[in-house]
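Colleague: have a look at this prediction, sequence included:
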Amino acid sequence: MLITRNITGISFNQIFLWTLIALLSLFSSGCSIKLVADYDPVIDKTVTELQQSTAAFFTKMKTASDADRTYDKNKAFYADAKAVVSSLILRSKIIEQDLKKTSLTDNFVSLDKLYDELEKEHKNNPSKIYFKSSEAAFDQAFRAIIKHMVFLKWNKS
């Protein structure tokens with residue numbers, strides 16, 4: 001049972017209730033817990049463009065002659081792709097900096113490793129079959145990232 005003392009026309013219960021409401025609203029507005037990153041349209045657009053250029057690269061590697069498939073003729077692709085992934089990693093680290101899980105950043109780091117592995121193998125002049133199997137790994141990586149971006153976009157609205 002609450003004490004109901006009357007202080008100048010206002011009961012103790014009313015003062016207690018209004019104080020409790022004020023404290024709860026203060027805590028709820030200032031202490032929100034964020035579980036996922038914010039949607040970033042720049043990341044979304046950049047990932048789509050990187051996926052398209054990577055798909056075009058694999059198509060070229062699967063259809064090119066041996067002379068056109070050499071690493072030296074295609075090393076610009078790796079420089080460009082790795083620069084884009086580096087900027088995606090930086091941007092995702094910024095939007096995930098206060099989160100306990102950095103799944104978007106982790107996905108981009110994994111993608112970066114895929115480009116490293118592909119570049120390393122490309123220097124050994126692999127067959128067209130190698131590019132076909134590598135393409136499947138990249139498709140899986142991009143699928144995970146794009147699903148994540150679709151979730152963030154959906155979660156925003």
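Modeller: Looks like it came in fine.

Colleague: check which helix or strand covers the closest residue to Ser110 other than its chain neighbours.
Modeller: Nearest residue to Ser110, sequence neighbours excluded (C-beta to C-beta, 6 or more residues apart in numbering): Ala141, at 6.2 Å. Bear in mind the C-beta positions are built from the backbone N, C-alpha and C, glycine included. Following DSSP states H and E, one finds Ala141 within helix 128-156.

Colleague: just the buried residues of that helix, please?
Modeller: Residues of helix 128-156 classed as buried by neighbour count (16 or more other C-beta atoms under 10 Å): 130-131, 134-135, 138, 141-142, 144-145, 148-149, 152.

Colleague: and which of these is nearest to Lys73?
Modeller: Using C-beta to C-beta, Phe131 comes nearest to Lys73 of these, at 13.9 Å.

Colleague: how about the contacts made by the closest one?
Modeller: 58, 61-62 (C-beta atoms under 8 Å, 6 or more residues apart in numbering).

Colleague: in helices only, show me those residues.
Modeller: 58, 61-62 (DSSP state H).

Colleague: can I get those in TSV with pLDDT, neighbour count and distance to Asp112?
Modeller: Output for the ones in helices among the contacts of Phe131, formatted as TSV (pLDDT from 0 to 100; neighbours: other C-beta atoms under 10 Å; distance: C-beta to C-beta, whole Å):
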residue	pLDDT	neighbour count	distance to Asp112
Phe58	97	17	17
Met61	95	22	19
Lys62	92	14	23
